[in-house]
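In: With the sequence up front, the predicted model follows.
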Amino acid sequence: MNDKTVPEIFLSANRFGIRLGLERMRSLMGILGDQHKELSCIHVAGTNGKGSVVTFIAAALAASGRKVGVYTSPYLERFSERIRILDGKEGLSIYHDNDAYGEIPSEALEEIGGRITEAVRRMLFEGQEHPTEFELVTAAAFVYFCEQQCDCVVLETGLGGRLDSTNIIEDPICSVITAIGYDHTDCLGETIGQIAGEKAGIIKPGRPVFLLSPDEALLSEHDARTVGGVMSRICTELRSPLTVVSSGDILLRTPVEGGQYLQLKFLKDPQFIGFIGRHQALNATLAARAVYSSVSEEALQHGLSQAVWKGRNELMCIDPIVILDGAHNPQGMEAFCEALNESYGAKFCETPPRLIIGVMRDKNYPEIVRVLMRTVSFSLCEVICVTVDQKRSLSAQALADTFNKEIEENSSFYNRMPSMYNIQDNIHASEDAEATCRDAFIRSQSDGAPILCVGSLYLIGQVRAVFQMDREEKD
């Protein structure tokens, strides 16, 4: 579903930007009929890993035979990706092979969009503010999932939690909170305690809470302790049972190329997931804990093994190796690099990969670069910085300058890694991300260098189809 098939009401609302708050959403849903009150929801918030956890939970529920509504953001390639239904075990199987399966049809979005347009006109006539784009899409998801009679819905927050438009749900099945870190500090607060408080805003009185241990979230000891304290205090105040998930729930973890096997202490048999990295093992464990009492062990294991989430540690091609990941903040970049070290480190030491990277200028991009250069255990044969087709994008040249500055300021560090230090001669800037990816794929076919395409999810969405077409043409 491209922009030409998306109702104007959703596209035009981009101009209203981000405005946190629930009043507009409550008013809009009231006019539409408050369909959200009829849904059984699992609510997911956090800084990193939300989409992956949503995917694992939805897959497990679908494997149990349920009709599952899935609401995520942002989309990578099609607007309709944000609103999806996985209809039982068969639907999950289809989705595993076809990532367009289950997305809201254009006809349904158009019809619901018409109703939303009329509701917004009424709001404006009454002197209320115009809803934001995210609020409008969230409303469309609630209406669609209700009318399609979903057995349950897995909701991913857009930003924060307390004032996020998804947070008008009042009685979720449970609340799930993933890794918390520093991101969107302009909206959520500059301290980790403030950010944690915003994320904890999805916790509801008496409803179960499943939390990834802050000790697992690549935070300092002080910050982890602060996050844990905030979560414990709020759960105690609301009398919400808290389950903290940690690496202690994983008895054994065996990484392989393209995935890993886990022995979870609450499952009898080893569990395979098609995601690399310790962080994804923790995400899968958190999701498994959240639905453990709701599905059979057989359904849980089948669902986790079938879960797919494009653009996150995604292996697009194996000859040459092409891996995509939306690591768009320092915490995400560290997790991505550690996953690569673990599953591909030896191979990449023998054949250094070329890196394609693009980020948003409002992210902490100097720290993203610093983390990347100091965490990977292998050399890079080339770094190509690109400008993403998004108004918030950092320019390719500014990103390349950041790489060069990091190397110059830490020459003593890189002198211990001569091959990484010498990458300074192979740092390039390109304004055309898609052309860069096509050229990189052609050159990697010739020299065998793996390709790592990482950074903003906007970048991954922009170039994913390029690698997919190149792979198909090669085959």
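Out: Noted; the coordinates are in hand.
In: C-alpha from now on. contacts and neighbour counts both.
Out: Fine.
In: pLDDT weak spots in the chain?
Out: Under the criterion pLDDT under 70, the flagged ranges of the chain are 1-4, 15-17, 411-422, 470-475.
In: Show me how it divides into domains.
Out: Domains of the chain are assigned by automatic domain parsing as 3-306, 314-474.
In: Just put those in TSV and tack on mean neighbour count.
Out: Below are these laid out as TSV (neighbours: other C-alpha atoms under 10 Å):
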stretch	mean neighbour count
domain 3-306	20
domain 314-474	19
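In: Show the contacting residues for residue 66.
Out: 87, 88, 89, 150, 151, 152 (C-alpha atoms under 8 Å, 6 or more residues apart in numbering).
In: ok, of those residues, which one's closest to residue 58?
Out: residue 152 (9.0 Å; C-alpha to C-alpha).
In: what's the spacing between that closest one and residue 39?
Out: The gap separating residue 152 from residue 39 is 7 Å, by C-alpha to C-alpha, to the nearest Å.
In: do the same with residue 333
Out: Distance from residue 333 to residue 39, by C-alpha to C-alpha: 35 Å.
In: Could you do residue 277 as well?
Out: Applying C-alpha to C-alpha to residue 277 and residue 39 gives a distance of 34 Å.
In: Same check on residue 117?
Out: 23 Å.
In: And for residue 82?
Out: With distances taken as C-alpha to C-alpha, residue 82 is found 17 Å from residue 39.
In: So which residues of the stretch 101-250 of the chain form helices?
Out: 106-125, 133-147, 185-188, 192-199, 221-238 (DSSP state H, counting those that start in this stretch).
In: element containing the residue nearest the centre of the chain?
Out: Central residue of the chain (C-alpha atoms, centre = their mean): residue 51, 3.8 Å from the mean position. Using DSSP states H and E, residue 51 falls within helix 50-63.
In: So what touches that helix?
Out: 44, 68-70, 72-73, 86-89, 91-92, 154-156, 177-178, 280, 283-284, 286-288, 290-291, 295, 299-304, 306-309, 312.
In: Got phi/psi on residue 44?
Out: phi -120, psi 130 (degrees, to the nearest 10).
In: Wait, it touches residue 156, no?
Out: Yes - counting by C-alpha atoms under 8 Å, residue 44 touches residue 156, with 4.9 Å between them.
In: how far does stretch 223-231 sit from the chain's center?
Out: Distance, stretch centre to chain centre, for stretch 223-231: 22 Å (C-alpha atoms, centre = their mean, to the nearest Å).
In: Kindly report the same for stretch 344-362.
Out: On C-alpha atoms, centre = their mean, the centre of stretch 344-362 falls 19 Å from that of its chain.
In: One more: stretch 81-93?
Out: With C-alpha atoms, centre = their mean as the basis, stretch 81-93 stands 18 Å off its chain's centre.
In: do the same with stretch 295-305
Out: On C-alpha atoms, centre = their mean, the centre of stretch 295-305 falls 22 Å from the chain's centre.
In: Number the residues from 588 up from this point.
Out: Sure thing, new numbering starts at 588, so read that last one as stretch 882-892.
In: Alpha carbons of that stretch, in CSV - could you do that?
Out: Extracted in CSV, the C-alpha atoms of stretch 882-892 (Å, rounded to 0.1, in the frame of the first residue of the first chain):
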residue,chain,number,x,y,z
VAL,A,882,-1.0,-20.7,25.4
SER,A,883,0.2,-24.3,25.4
GLU,A,884,3.9,-25.0,25.5
GLU,A,885,3.6,-26.5,22.0
ALA,A,886,2.0,-23.4,20.6
LEU,A,887,4.5,-21.2,22.4
GLN,A,888,7.4,-23.0,20.9
HIS,A,889,6.0,-23.1,17.4
GLY,A,890,5.1,-19.5,17.5
LEU,A,891,8.5,-18.3,18.7
SER,A,892,10.2,-20.4,16.0
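In: who touches that stretch?
Out: Contacting residues not belonging to stretch 882-892 are listed as 643-644, 646-651, 679, 854, 858-861, 871, 875, 878-879 [C-alpha under 8 Å, 6+ apart].
In: can we see that at 6 Å?
Out: Residues from elsewhere that reach stretch 882-892 (C-alpha atoms under 6 Å, 6 or more residues apart in numbering): 643, 646, 647, 650, 651, 859, 860.
In: Same list (the residues you listed) but as CSV, adding distance to residue 821.
Out: CSV is the format used below for those (distance: C-alpha to C-alpha, whole Å):
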residue, distance to residue 821
643, 26
646, 29
647, 28
650, 33
651, 32
859, 34
860, 32
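In: What is the nearest of these to residue 906?
Out: Distances from residue 906 to those, taken as C-alpha to C-alpha, are shortest for residue 860 (21.8 Å).
In: Need the nearest residue in space to that closest one, chain neighbours excluded.
Out: Setting aside the residues directly before and after it, residue 860 is nearest to residue 892 in space (C-alpha to C-alpha, 6 or more residues apart in numbering), at 4.7 Å.
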